[in-house]
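A.B. asks: Predicted model follows, preceded by the sequence.
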Amino acid sequence: MATPCYSRCAAGFQEKKKYYAGFETFVALADGNIRYLVQLVGEALQANLAKGKALDTAVDASTQTEAAQEVGLRALKNMPGASTEGAQMTKLILSLGRVFGVMASHPEGHAPEVNQFRVEKGDDEWTLRLLNSGVMQLALSRFPGDKRAGYSGETREWNYQLHPIFAPYFVYSHRRKRRLTLSASLLRKLVEEPNKGIEALLGKTDRSAESELPEQLTLFGGFYGSAR
C-alpha cells in the first residue's frame, strides 16, 4: 500500500478518499525530516490503539491516512510561530493547498495533477523573503527548475512544492507532478487576498472553488469563507 489510491467514501472525506499508507509513503511524506516520520508512525500506532486494536495488529490504510492528516494539520497549526513570516506562510499553504486539492478532485478533461509552482519575476524582496522562509521552516520544498543551470552557468530557477507533509490534509498527491507558473503579484494575492487569488488560480484551469469544503478543512471555514 505504498502508493496512494482513490476509493469510495470513508470517514473524514465527502466523495473520494485518497489513501496515504505504507512505510514508503510515510518516508516520502516526511521528505527527509526524521521528526515528521516519527510523528507519522507514532500517530498511526496511537490511532490504532484508540480503536481498540492491539499494538501488534496491522494499521489499516484508512487509519494511516487519518494519522497523516493529523500530522499535516499539526504542522500547519504550528506554522505561525515558526518565523516572522509564519502567519503569511500559513495563509499561502491554506490557499495553495486548497487549489491543489480542488485540481486533484476534478481531473476530468484537464492535464495530469499539478502540485508544484514556479514564480516568474519573483526577485522582489517580499517574494524572496517569503519563499526562503518557507523553505527554512519546512513549509516548502525547493529544487532546481533546470538541471543544466547547475553546471552551465545559466541563472538557476527554482521550482517549489508545499512540503509533502501537507498533501494528505488537502488531499492531493505528495509526489512531484506537473508545475504551474505564478506571477509574484498572484503569489502575494494568495496571501493578502486569498479569495481573489484562489479564484484567479483555479480560473486558469477552468475550475472554481467549491461552495462546500471537505470535512477536514471546515476547521478553517472562516478563512475559506472569505476566500469564496
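C.D. replies: All right, it came through fine.
A.B. asks: got the CA coordinates for the longest helix that the chain contains in CSV?
C.D. replies: Using DSSP state H to assign secondary structure, the helix with the most residues in the chain is helix 86-105. Extracted in CSV, the C-alpha atoms of helix 86-105 (Å, rounded to 0.1, in the frame of the first residue of the first chain):
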residue,chain,number,x,y,z
GLY,A,86,4.9,32.3,9.7
ALA,A,87,1.4,33.8,9.5
GLN,A,88,1.9,34.7,5.9
MET,A,89,3.2,31.2,5.1
THR,A,90,0.1,29.7,6.8
LYS,A,91,-2.2,31.7,4.5
LEU,A,92,-0.1,30.6,1.5
ILE,A,93,-0.3,26.9,2.5
LEU,A,94,-4.1,27.2,3.0
SER,A,95,-4.5,28.9,-0.4
LEU,A,96,-2.3,26.7,-2.4
GLY,A,97,-3.4,23.5,-0.6
ARG,A,98,-7.0,24.3,-1.4
VAL,A,99,-6.1,25.0,-5.1
PHE,A,100,-4.2,21.7,-5.4
GLY,A,101,-6.9,19.8,-3.6
VAL,A,102,-9.6,21.1,-6.0
MET,A,103,-7.5,20.3,-9.0
ALA,A,104,-6.9,16.8,-7.8
SER,A,105,-10.6,16.2,-7.1
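A.B. asks: Now do whatever helix or strand comes next after it: which elements does it pack against?
C.D. replies: Next in sequence after helix 86-105, counting helices and strands by DSSP states H and E, comes strand 114-120. Contact here means 3 or more Cβ pairs under 8 Å, 6 or more residues apart in numbering; DSSP states H and E; on that basis strand 114-120 packs against helix 86-105, strand 158-162, strand 178-183, helix 184-192. All C-beta spots, glycine's among them, are computed from the backbone N, C-alpha and C.
A.B. asks: okay if I get these as TSV plus mean pLDDT, distance to Gln64 and mean neighbour count?
C.D. replies: Compiled in TSV, the helices and strands packed on strand 114-120 are given as follows (pLDDT from 0 to 100; distance: least, Cβ to Cβ, whole Å; neighbours: other Cβ atoms under 10 Å):
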stretch	mean pLDDT	distance to Gln64	mean neighbour count
helix 86-105	92	19	22
strand 158-162	93	20	21
strand 178-183	88	26	16
helix 184-192	93	30	19
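A.B. asks: Output these in TSV, with distance to Gly222 appended to each entry.
C.D. replies: As requested, these are exported to TSV (distance: least, Cβ to Cβ, whole Å):
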stretch	distance to Gly222
helix 86-105	11
strand 158-162	21
strand 178-183	25
helix 184-192	16
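A.B. asks: I'm done for today, thanks for sticking with me.
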